[in-house]
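Novice: 3D model of this:
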Amino acid sequence: MLCLVLGASVALSGTQTPVVRIQPSVNRADPAVPAADRAGGPATGPAAASGAATPAPRPFAASAPTRLVVPSAGVDAPVSGLGLNPDGTVEVPSADRADEVGWYRNGPTPGETGPAVLIGHYDTVHGPAVFAGLPKLRPGDLVQVRRADGSTVEFRVRSLLQAGKDRFPTETVYGNTSAPELRLITCGGRIGSDGHWTDNIIVLADLVPPGAPAS
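Specialist: Below is the predicted model:
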């Protein structure tokens, strides 16, 4: 499955082409995914450095997401379900509802074991959309997902990736994981000759165990 988040073309002023990159700036011709960012990859951080094993957080029962809140990216938006297109690609939210986030409903719900995937537009012809602030996220930023059962699950950003849409890291995004994880996906790069963004920006986030101290 190749997930293509296609923002509608935007009006350009003069000949200047907008560029959207993750921060810090990354614009590699062939963006390699670091081993530590691959699904099921080795742990990083203080626990890994000391050799101490960190137990996987206990997963939640299945419950569909209803709202996404990402304070650092200015996101507070409703979530609706997305399926597959006839060609096998993942659906994207309608451009006329660009203030909404889509959840890939054929995958885990946020909080279940595995990678829950949420997709949103970066912009449309009407201006910035729901995920316009996503490239500004940093490791450690908080992501909250409210669910249909009334619960709220929290994730912390681990890393951001940027990849050309013709080199989408499918296994990293959709591959099995041993713990609950979250993926947020939008557009980035440049506006191509077809009027669409050339890249995807992908946020990888890990579940925060209930009762964990705020960082």
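
Novice: surely residue 151 meets residue 64?
Specialist: No: the criterion here is Cβ atoms under 8 Å, and residue 151 misses it with residue 64 at 11.3 Å. C-beta coordinates here come from the backbone N, C-alpha and C atoms, glycine included.

Novice: For the residue lying closest to residue 121 once chain neighbours are set aside, grab the count of nearby residues.
Specialist: Spatial nearest neighbour of residue 121, excluding adjacent residues (Cβ to Cβ, 6 or more residues apart in numbering): residue 129 at 3.7 Å. By other Cβ atoms under 10 Å, the residues close to residue 129 number 23.

Novice: which residues does the residue sitting nearest the centre point of the chain bridge with?
Specialist: The residue lying closest to the centre of the chain (Cα atoms, centre = their mean) is residue 184, at 1.2 Å. Listed by DSSP bridges, the beta-bridge partners for residue 184 are residue 118, residue 203.

Novice: how close does it get to residue 61?
Specialist: 22 Å (Cβ to Cβ, to the nearest Å).

Novice: Low-confidence stretches in the protein?
Specialist: 1-17, 23-54, 214-215 (pLDDT under 70).

Novice: mind listing the strands for the protein?
Specialist: Counting by DSSP state E, the chain has strands at residues 19-20, 65-70, 75-82, 101-104, 114-119, 123-124, 127-128, 142-147, 152-164, 180-191, 197-207.

Novice: Can I get the ones you listed in CSV including distance to residue 171?
Specialist: What follows is the strands of the chain, written out as CSV (distance: least, Cβ to Cβ, whole Å):
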stretch, distance to residue 171
strand 19-20, 24
strand 65-70, 23
strand 75-82, 20
strand 101-104, 15
strand 114-119, 10
strand 123-124, 28
strand 127-128, 31
strand 142-147, 22
strand 152-164, 12
strand 180-191, 12
strand 197-207, 12
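
Novice: Compare these and give me the one nearest residue 95.
Specialist: The minimum distance between residue 95 and the strands of the chain falls on strand 123-124, with 4.9 Å, by Cβ to Cβ.

Novice: Work out the sheet partners of that closest one and label each with its direction, please.
Specialist: Strand 123-124 pairs in its sheet with strand 127-128 (antiparallel), by DSSP bridges.

Novice: can you list contacts of the strand it pairs with?
Specialist: residue 122 (Cβ atoms under 8 Å, 6 or more residues apart in numbering).

Novice: Repeat the analysis, applying 7 Å as the threshold.
Specialist: Taking Cβ atoms under 7 Å, 6 or more residues apart in numbering as the criterion, no residue outside strand 127-128 touches it.

Novice: how far is it from where the chain is centred?
Specialist: Distance of strand 127-128 from the chain centroid (Cα atoms, centre = their mean, to the nearest Å) equals 19 Å.

Novice: just stretch 168-188 next, same as before
Specialist: 7 Å.

Novice: ok now do residue 133, which residues does it touch?
Specialist: 73, 74, 75 are the contacts of residue 133 under Cβ under 7 Å, 6+ apart.

Novice: In ChimeraX, how would I select just the buried ones from those residues?
Specialist: Those of the contacts of residue 133 that count as buried under 16 or more other Cβ atoms under 10 Å are selected in ChimeraX with:
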select :73,75
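
Novice: any chance of the contacts of residue 133 in TSV, with distance to residue 138 too?
Specialist: Listed next are the contacts of residue 133 as TSV, based on distance: Cβ to Cβ, whole Å:
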residue	distance to residue 138
73	10
74	14
75	15
